[in-house]
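[1] Starting from these lines, generate the structure:
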Amino acid sequence: MIGVGVTVKPPPTDDDDDDVTPRARPSTAPTKPNVVPKEGCTVHVVSLLYGRMAFYIPTLLGYRAPPPPAPQTVDAAAADDDQVARATASASNFRLRIADVKRLIYERVRLSPSFRIELYLHGLPLNDHLSLMDELRLAKDTTFDMKLTRVAPWLLLSRGLGRVRVNCPLLHTRAFPVDETTTVLDLKRAYCASLQQGEHTWFTADGVCVRRAGMTVLTLAKAKADPKAGTSALVVADELLIEGGMGALAGGKGAALAYRITNGSPVTVVESQVVALSEEVMVPETKVLKGETVETTMWINWGGRTLGDDFVLHAVGVRTDDTVTLEFLSPVLPKKLLTLRLPDKPKKGGKGKKKK
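    The predicted structure follows:
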């Protein structure tokens, strides 16, 4: 039974490095004596019964198959959760190795440090030192199979603290550089600064990287597309990025171009449709302004408890690439949630029975 995949590559030359392809079974087909085979290509076939086999196929008129183009994008598909991570390689970087692809996938999907990535091609595991172009000779848009395995808990204890991820149910997960002296208040201030002017990265279907920076806003209500006003369809609490900030919408004189932070798709909005996550909305600490006490509207949760502003992240057990949870008072709530949070209506006194 033959399956899984077929790869075509030119025969090796004297200049090639050590061949890392598994040894093929010797051919039992009869060969004519004193016949010099013409130039051709080697076809590698993965068999479910006999493993990986190589077949030499001569081409017509001695034509040698050209080498495949340099790999530009590599997809890694995980069968367990159907999550696809696309790693983009520069067309001039022929020395990109499997270890580099794993690192790109780890950053792209924001995997937890408790997982290890294993990549397979045609059912065979790939070593970290293999080069995509020189040794594997992959073509563009090659697809790997990805498997996630758990890392032993005692191997994670030696990690330091260099970066932490902040997850929020309403906002996109963000990562911030930290150290062993960073407090919860420092992290909340850094989060607020990223909302005012933060950079976001997206990747197109072709693997092209797109970066934009601007202010984060939330949509106030669901809206249909209006061709006359030039606005796009929106949903409640949609997280958008406006490069010019709220200044691009000042006065409500026109529409401005924004980008969905989830996928980078462009939308057109007006000032009345969005609210900025400004310092008045996101208050990292309790402070006194003009004689009035302003309570904080942000809380950091870790390990099932809310951390105080003076807590040191490293002291409570946070390590590199761990994820803490952000909770804040959102200025935007769905209609159903607003209904649930409304105070109960006072019960009206029932009228007594009428006397006959």
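[2] All the helices of the stretch 51-200 of the chain, in order from the start?
    98-109, 184-196 (DSSP state H, counting those that start in this stretch).
[3] pLDDT score assigned to Pro169?
    As predicted, Pro169 sits at a pLDDT of 85.
[4] how about the CA coordinates for stretch 138-152, as CSV?
    C-alpha atoms of stretch 138-152 as CSV (Å, rounded to 0.1, in the frame of the first residue of the first chain):
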residue,chain,number,x,y,z
LEU,A,138,11.4,21.3,0.1
ALA,A,139,9.3,23.1,-2.4
LYS,A,140,7.2,26.2,-1.7
ASP,A,141,4.1,25.7,0.5
THR,A,142,5.2,22.4,1.9
THR,A,143,2.9,21.0,4.6
PHE,A,144,4.3,19.4,7.8
ASP,A,145,2.4,17.4,10.4
MET,A,146,2.8,18.8,13.9
LYS,A,147,2.5,17.0,17.1
LEU,A,148,2.5,18.6,20.6
THR,A,149,4.0,16.7,23.5
ARG,A,150,4.1,17.6,27.2
VAL,A,151,7.3,18.7,28.9
ALA,A,152,8.1,17.2,32.3
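[5] same question for it, mean pLDDT?
    83.
[6] buried set for that stretch?
    Neighbour counts over stretch 138-152 (16 or more other CB atoms under 10 Å) mark Leu138, Thr142, Phe144, Asp145, Met146, Lys147, Leu148 as buried. Glycine gets a C-beta too; all of them are placed from N, C-alpha and C.
[7] same thing with stretch 270-278?
    Quick answer for stretch 270-278 (16+ other CB under 10 Å): Val270, Glu271, Gln273, Val274, Val275, Ala276, Leu277, Ser278.
[8] Just send the residues you listed back as a markdown table, with distance to Lys228, pLDDT and secondary structure too.
    Putting those into a markdown table (distance: CB to CB, whole Å; pLDDT from 0 to 100; DSSP: H, G, I helix; E, B strand; the rest coil) gives the following:
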| residue | distance to Lys228 | pLDDT | secondary structure |
| --- | --- | --- | --- |
| Val270 | 12 | 87 | coil |
| Glu271 | 17 | 86 | helix |
| Gln273 | 15 | 88 | helix |
| Val274 | 19 | 89 | strand |
| Val275 | 24 | 90 | strand |
| Ala276 | 26 | 89 | strand |
| Leu277 | 29 | 90 | coil |
| Ser278 | 30 | 86 | coil |
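[9] ok, now how distant is the residue nearest to Ala175 when sequence neighbours are not counted from Glu279?
    Of all residues not flanking Ala175 in the chain, Arg165 sits nearest, at 4.9 Å (CB to CB, 6 or more residues apart in numbering). As judged by CB to CB, to the nearest Å, Arg165 and Glu279 stand 23 Å apart.
[10] cool, and Thr286?
    Using CB to CB, Thr286 is found at 14 Å from Glu279.
[11] which residue ranges form the helices in the stretch 201-350 of the chain?
    335-341.
[12] Let me see the ranges of the strands in it.
    For the stretch 201-350 of the chain, applying DSSP state E, counting those that start in this stretch gives strands covering 209-219, 239-242, 256-260, 266-269, 274-276, 287-289, 292-294, 298-302, 305-307, 322-328.
[13] Quick one: closest of those to Pro343.
    Pro343 sits nearest to strand 322-328 of all these, at 22.1 Å, using CB to CB.
[14] Can you pull out the residues in contact with the closest one?
    112-113, 164-168, 171, 173, 187, 191, 282, 297-302, 306-307, 313, 318 (CB atoms under 8 Å, 6 or more residues apart in numbering).
[15] wait, doesn't Lys224 sit right on Gln273?
    No: judged on CB atoms under 8 Å, Lys224 makes no contact with Gln273 at a distance of 11.5 Å.
[16] Provide the partner residues of Thr73 in its beta bridges.
    Thr88 (DSSP bridges).
[17] Alpha carbons of stretch 201-211, as PDB, please.
    Output of stretch 201-211 as PDB, limited to C-alpha atoms (Å, rounded to 0.1, in the frame of the first residue of the first chain):
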ATOM      1  CA  THR A 201       1.600  41.800  13.500                       C
ATOM      2  CA  TRP A 202      -0.500  39.800  11.100                       C
ATOM      3  CA  PHE A 203       0.300  37.200   8.400                       C
ATOM      4  CA  THR A 204      -1.500  37.000   5.100                       C
ATOM      5  CA  ALA A 205      -2.500  33.700   3.400                       C
ATOM      6  CA  ASP A 206       0.800  33.900   1.500                       C
ATOM      7  CA  GLY A 207       2.800  34.200   4.600                       C
ATOM      8  CA  VAL A 208       3.600  37.900   4.200                       C
ATOM      9  CA  CYS A 209       4.200  39.800   7.500                       C
ATOM     10  CA  VAL A 210       2.200  43.000   8.000                       C
ATOM     11  CA  ARG A 211       2.900  45.300  11.000                       C
END
